[in-house]
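Engineer: here is a sequence together with a model predicted from it:
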Amino acid sequence: MISLTLASDKRLWSFRFYFGVALAVAVSVGAQSGALAQDDDGPFLPEVPFNYSDVELPEHYLVNGFGEGVRFQNAPIENDNSPSSNPTTDHGATLGRVLFYDTKLSANETTSCASCHRQANGFASPVTIGFAGESTRRHTMSLTNARFYQRGRYFWDERAETLEDQVTQPFFDPIELGLSPDELISVIKSQRYYGRLFSNAFGDPEPTVDRVGDSLAQFVRSIVSVDSRYDQGREEVTSPFSTFANFSGLENDGKSLFFTTGCSSCHVSEAFVGAAEGPTNNGLDSETADDLGAFETFAEPDFVGSFKVPSLKNVEVTDPYMHDGRFETLEEVVEHYSSGVNQEHPNLGTALVEPEGRRVANKFSSYQKDALVAFLKTLTDQEVLTSTKFSDPFDARNGGVQVAGQANAAEARDASDSTESGLSPGIYLGILAGLILVFGAVGAVTKESAE
């Protein structure tokens, strides 16, 4: 007759060993099979979201420092295109940040919004290519201060009526990211970390194209530049025309030229954004050939060869310049406005035409050109270019905790049902594995006793 005896230290040690292994496996299996599994490739985010919703704007963004009589000018806040239907929230912009940087949301999982809108380049890019390496039609426009474009339309030809519309179009472009709407949602659902992010932003984990657009638009609108050397100097004076103590003589002279020679007629307010008049022609060519610009959107002859005017914040790092990237440096840009606006295009912008109908000919001196370039570089905002809250959340070096979450609404409901019943399916599996190993341990000790 075989009997189980635990009197010997050796047999007791064997039982404890096998039981410990069984318990460890049970806990491991249960945890890994639970409803809230960790993703090895999920984003790293702070436990408390960054502040995107309550950005403090300086006074010169809230008050028109030029005075009411200065043509084209107003306070940046008057140009705010944030819709009441999509206010920026911390969780909404956090979701938008993840979507913005997620390369899985492209046809071959290599490209994201950030591939063409790079933080270090002021959310523009020196190279604009799609997921398969094919060049896009136009140079990437900077996203800095997109919130303050009064017309609220986007792309160089303004074909997107809202920012919410603009941010989803690249997903469905055959060159840029190459997905269909159904494919986009399917990919999002397959990533476990999105369930929690959508729940935080919208109250439930179900992704939709509209929600993708809303959250991305919130993130982009939060990219506001208020800490350049221009902003720092402006806070110490009462007018943009005043001498800035933190500027050199060259930079102050460049600022004066900018505000008095027509530059500020197209780049308006102290956010330096496009004017409410919309797309304009800046005399790059005598006639329009291949790229008709905003005419392609509005079908109005006055828009032939006209393009949206971008903000100049961070312009130092957004090269190359113009819609076709024809100018490599700021010096080339300034030279164009000094001597290059001599074309006969019928839609030449009003800021480049004098009241008598003559074309503006600034003919800047060498010193004036240097001064304008020096001033433009004071618009660089290192906070926007380096802040973690605008950085790639998939790079662990940017800090935060790796996100865990459910893949979609169905999985979230399953997890909720399991929790309400007391134990999740994963825990049941863990217990079952543990019991099997416990019985195995008992059998092994029994065999030792028999021997």
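Structural biologist: Noted; the coordinates are in hand.
Engineer: please count neighbours and contacts with C-alpha atoms only from this point.
Structural biologist: Will do.
Engineer: low pLDDT regions in the protein?
Structural biologist: Applying pLDDT under 70 to the chain picks out residues 1-40, 342, 355-361, 405-451.
Engineer: can you give me the strands in it?
Structural biologist: Assigned by DSSP state E, the strands in the chain fall at 44-45, 267-268, 273-274, 401-402.
Engineer: how about those strands in JSON lines, adding mean neighbour count?
Structural biologist: Converted to JSON lines, the strands of the chain look like this (neighbours: other C-alpha atoms under 10 Å):
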{"stretch": "strand 44-45", "mean neighbour count": "21"}
{"stretch": "strand 267-268", "mean neighbour count": "22"}
{"stretch": "strand 273-274", "mean neighbour count": "26"}
{"stretch": "strand 401-402", "mean neighbour count": "16"}
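Engineer: okay, those strands in CSV with distance to residue 113 next?
Structural biologist: Listed next are the strands of the chain as CSV, based on distance: least, C-alpha to C-alpha, whole Å:
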stretch, distance to residue 113
strand 44-45, 18
strand 267-268, 25
strand 273-274, 22
strand 401-402, 21
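Engineer: so what are the domain limits for the chain?
Structural biologist: Listed domain ranges for the chain are 9-34+424-450, 44-402 (source: automatic domain parsing).
Engineer: tell me which of these is the most buried.
Structural biologist: Most buried of those by mean neighbour count (mean count of other C-alpha atoms under 10 Å) is domain 44-402; its value is a mean of 19.
Engineer: quote the end-to-end distance of that one.
Structural biologist: 4 Å (C-alpha to C-alpha, to the nearest Å).
Engineer: state the distance from the nearest residue in space to residue 381 that is not next to it in sequence to residue 234.
Structural biologist: Nearest non-adjacent residue to residue 381, counting by C-alpha to C-alpha, 6 or more residues apart in numbering: residue 228, 4.1 Å away. According to C-alpha to C-alpha, residue 228 stands 10 Å off from residue 234.
Engineer: same check on residue 350?
Structural biologist: For residue 350, the distance to residue 234 (C-alpha to C-alpha) stands at 28 Å.
Engineer: how about residue 386?
Structural biologist: 22 Å.
Engineer: and for residue 290?
Structural biologist: Using C-alpha to C-alpha, residue 290 is found at 42 Å from residue 234.
Engineer: spatially nearest residue to residue 253, not counting backbone neighbours?
Structural biologist: Of all residues not flanking residue 253 in the chain, residue 371 sits nearest, at 6.0 Å (C-alpha to C-alpha, 6+ apart).
Engineer: and residue 330, by the same measure?
Structural biologist: residue 373 (6.3 Å).
Engineer: list the contacts of the one you found.
Structural biologist: Residue 373 makes contacts with 254, 330-331, 334, as judged by C-alpha atoms under 8 Å, 6 or more residues apart in numbering.
Engineer: from those residues, pick the one nearest residue 82.
Structural biologist: Distance to residue 82, by C-alpha to C-alpha, is smallest for residue 330 among these, at 30.8 Å.
Engineer: how about the contacts of residue 373 in TSV, adding distance to residue 80?
Structural biologist: Output for the contacts of residue 373, formatted as TSV (distance: C-alpha to C-alpha, whole Å):
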residue	distance to residue 80
254	27
330	28
331	31
334	29
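Engineer: show only the entries of those residues found in helices.
Structural biologist: 254, 330-331, 334 (DSSP state H).
Engineer: and residue 207, how far from residue 191?
Structural biologist: With C-alpha to C-alpha as the criterion, residue 207 and residue 191 are 11 Å apart.
Engineer: got any residues that touch both of the two?
Structural biologist: Contacts common to residue 207 and residue 191, judged by C-alpha under 8 Å, 6+ apart, are absent.
Engineer: I'd say residue 172 and residue 180 touch.
Structural biologist: Yes: under the criterion of C-alpha atoms under 8 Å, residue 172 makes contact with residue 180 at 5.4 Å.
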